[in-house]
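In: Next comes the sequence, and after it the predicted model I'd like to discuss.
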Amino acid sequence: MDGVRRGWRQCLLGGAVFAVCMAGTTLPTPLYNLYQQKFGFSELMVTVVYAVYAFGVIGVLLLAGNASDAVGRRPVLLCGLGFAAVRAVCFLCATGLGWLYAGRLLSGLSAGLFTGAATAYVIDLAPHGSGSRGTLVATAANMGGLGCGPLLAGLLAQYAPWPLYLPFAVHLVLVACSAAVLLRLPETVGERRPLRTVRPQRPGLPAQVRAVFGPAAIAAFVGFALFGVFTAVSPAFLEHSLDVHSRAVSGLVVALAFFASTAGQLAVGAIGLGRSLPVGCAALLAGLALLAGALRWDLLVLVVLSAIVGGAGQGIAFRGALSAVAQASPDHQRAAVISLLFVVAYVGISLPVIGAGVLADRIGLEGAGLVFIACMAVLVAVAALYLLRRRTPAST
């Protein structure tokens, strides 16, 4: 019993470290309008600055997504925390757009190292036979951390001094505390290999994972695309179309989407892993419809509802996808396969965001949002039909 309790304590501490790192990646979200005013760049540049992060994540996942399988989880995560610390320094020193690009790129490098390695680490730390609940801790830490970033920055920007500096100083302290915690946690990779054995990943999958990976990747792409555009564009929409100038409200609305994702992951136990992907896609479609209504009629209540419903749909679908992929993966390749799933997800969080930014400069923010929603609705509908016609192994 003591071993089980110790395992869960270590699992939760690992999840807390994961959450702190991911919170830093969304910390600038409610501050982009302030940066726009200070440095004078367009809405397109906001989306490009946001998307630079995703390109950093994808690069690391492809080049070193399997690194923790070889050298161990803790060295990779400590390196990720190092990038997180330098990222915070970049934002603290920002005097122009170049600093923001550097900070967002470092965010991507940090998150890229954490995404596969920390997910696998938290699952490894869970007591034996608790892989499904360990997956829940990992995904909840990921999405919960992403939600805490804009909430923390929004509250500090609204009610404390130095809105462009204090959030990053606070996060720098949290990163230092996380490093101290990580150094006290055990390594879970038994047979470690030298760093030189790590090779860039080719887009390939073990044979036993392929049947699971297709529907999981569809769900991940759609859910992260919705999150990407919502996170990058909603603060500007709230300010310019709804006349909401509170940074705290802006941060809270974005945070709600991520917290709803965590709640959706918790609901999977009642829904069942086999039904989670199609149910999640249906909720994503409902969230897109609510967001379209918000853009069409300029209603804050619909923005909030779209964040909650769409976020819950993303959480339901993503936990089902991640659980199916993790369970189907061989132990020695789990981090690499999880990393590949996140590559697909972060393609979804980057390319649609840039597309929305290009359209926003030409047809306005609301028009760009409606075009994005129409494209994502078609993709969600196709994905839902595909998933209903072809049940994944997780459902059997």
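Out: Yes, it's here. Numbers count the residues shown, from 1 in each chain.
In: Helices of this structure, residue ranges please.
Out: Applying DSSP state H to the chain gives helices spanning 2-26, 32-39, 43-64, 67-71, 73-92, 97-125, 131-159, 166-184, 210-240, 247-271, 273-297, 300-328, 334-363, 365-389.
In: Summarise which helices and strands the last one is packed against.
Out: Under the contact criterion of 3 or more C-beta pairs under 8 Å, 6 or more residues apart in numbering; DSSP states H and E, helix 365-389 touches helix 210-240, helix 273-297, helix 334-363. C-beta coordinates here come from the backbone N, C-alpha and C atoms, glycine included.
In: mind running it again at 10 Å?
Out: helix 43-64, helix 210-240, helix 273-297, helix 300-328, helix 334-363 (3 or more C-beta pairs under 10 Å, 6 or more residues apart in numbering; DSSP states H and E).
In: Next, the angle helix 210-240 makes with it.
Out: 160 degrees (axes from the mean of the first three to the mean of the last three C-alpha atoms, to 10 degrees).
In: cool, and the third one?
Out: Interaxial angle, helix 43-64 versus helix 210-240 (the same axes, to 10 degrees): 150 degrees.
In: what sits against the closest residue in space to residue 155 that isn't next to it in sequence?
Out: Leaving aside its sequence neighbours, residue 155 sits nearest to residue 248 (C-beta to C-beta, 6 or more residues apart in numbering; 5.2 Å). Neighbouring residues of residue 248 by C-beta atoms under 10 Å, 6 or more residues apart in numbering: 30, 150, 151, 153, 154, 155, 156, 157, 158, 159.
In: try 8 Å
Out: 30, 154, 155, 157, 158, 159 (C-beta atoms under 8 Å, 6 or more residues apart in numbering).
In: quick one: buried residues of stretch 175-182?
Out: 175, 178, 179, 182 (16 or more other C-beta atoms under 10 Å).
In: do you know which of the helices of the chain lies nearest residue 198?
Out: helix 67-71 (4.8 Å; C-beta to C-beta).
In: How far away from the center of its chain is that closest one?
Out: When distances are taken as C-alpha atoms, centre = their mean, to the nearest Å, helix 67-71 is centred 22 Å away from the chain's centroid.
In: what about the residue nearest to residue 155, distance to residue 305?
Out: 19 Å (C-beta to C-beta, to the nearest Å).
In: And residue 337, by the same measure?
Out: Distance, residue 337 to residue 305, by C-beta to C-beta: 35 Å.
In: quick one, which of those two is more surrounded?
Out: Ranked by neighbour count (other C-beta atoms under 10 Å), residue 337 and residue 305 place residue 337 first, with 26 against 19.
In: Could you list the low-pLDDT ranges of the stretch 1-150 of the chain?
Out: Within the stretch 1-150 of the chain, the stretches with pLDDT under 70 are 1, 131.
In: Now do the contacts for the residue lying closest to residue 312 once chain neighbours are set aside.
Out: Once flanking residues are discounted, residue 312 sits nearest to residue 264: 3.8 Å by C-beta to C-beta, 6+ apart. Going by C-beta under 8 Å, 6+ apart, residue 264 touches 280, 283, 311, 312, 313, 314, 315, 316, 317, 319.
In: And these, which is closest to residue 352?
Out: Set against residue 352, the nearest of the contacts of residue 264 by C-beta to C-beta is residue 314 (13.9 Å).
In: And the closest one, how close does it get to residue 228?
Out: 11 Å.
In: With residue 169 instead?
Out: Distance, residue 169 to residue 228, by C-beta to C-beta: 27 Å.
In: quick one: which of those two has more around it?
Out: Under the criterion of other C-beta under 10 Å, the comparison of residue 169 against residue 228 puts residue 228 first, with 27 against 14.
In: Can you verify my assumption that that one contacts residue 54?
Out: Yes. Counting by C-beta atoms under 8 Å, residue 54 is a contact partner of residue 228 at 7.3 Å.
In: between those two, what contacts are shared?
Out: Here residue 228 and residue 54 have 349, 350, 353 as joint contacts, going by C-beta under 8 Å, 6+ apart.
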